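Novice: Sequence plus predicted model, see below.
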Amino acid sequence: MADFSTFLPDSAFALDVEAKDWREAIKLAGKGLVDAGFTTDDYTNQMIETVEKLGPYMVITPGLALAHSRPSDAVLHTGLSWVRLATPVEFGNKANDPVSLVIGLAGRDENEHLEVMSAIAKALMDQKKTAQLAAAQSPAEIRAILES
């Protein structure tokens, strides 16, 4: 089981913030990864380039984007950022827009990347937990829901 206190420290959160579009939402997720020491700014640019090249596939369920790029030298440590938007933004994914939660994911290698992704996916497939996460007021409360 992923240790969310390691992979998702307080510095990686931005709760109820504004973004004017999907690029700005990804930049906020990237800032959380950089602030937590997981990535360099290059990784944020790589996440944006991934959407520009491949489209909004990272909008994986209604309202949720899992912002990421391939493991690269811009990833210093495996980790997550958590951006809850005050006003949802469109990513261009007809089925799952608009997005109100952007989780930034940086993986040093494929195994760590998958371990963290599966732990997050498990929590987000539970509608009760998803509702609790949307209402949570602090990073500690969000981590507790994810770990329950």
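Specialist: Sure thing, it's come through. Model, not experiment: these values are computed from the prediction.

Novice: outside of stretch 20-32, which residues touch it?
Specialist: Contacts of stretch 20-32 with the rest of the structure, by Cβ atoms under 8 Å, 6 or more residues apart in numbering, involve 11-14, 17, 19, 39, 41, 43-45, 47-48, 51, 56, 65, 67, 81-83, 85, 89-92, 99, 102-104. All C-beta atoms are positioned from the backbone trio N, CA, C, and that covers glycine.

Novice: Please apply the same query to stretch 44-57.
Specialist: Residues external to stretch 44-57 that are found in contact with it (Cβ under 8 Å, 6+ apart): 22-23, 26-27, 29-31, 33-34, 58, 65, 67-70, 72, 74, 91-93, 97, 104.

Novice: And the buried ones among these, selectable in PyMOL?
Specialist: Of those, the buried ones go into a single PyMOL selection, burial set by 16 or more other Cβ atoms under 10 Å:
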select buried, resi 22+23+26+27+29+30+31+33+34+58+65+67+68+69+74+91+93+97+104
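
Novice: Following the chain past the worst-scoring helix or strand of the chain on mean pLDDT, name the next helix or strand.
Specialist: Counting by mean pLDDT, DSSP states H and E, the chain has its least confident helix or strand at helix 110-124, which shows a mean of 77. On the C-terminal side of helix 110-124, the closest following helix or strand by DSSP states H and E is helix 127-135.

Novice: Run through the neighbouring helices and strands of the helix or strand just after that next one.
Specialist: Reading on from helix 127-135 to the C-terminus, the next helix or strand found by DSSP H and E is helix 139-147. Using 3 or more Cβ pairs under 8 Å, 6 or more residues apart in numbering; DSSP states H and E as the contact criterion, the neighbours of helix 139-147 among helices and strands are helix 4-7, strand 13-17, helix 110-124, helix 127-135.
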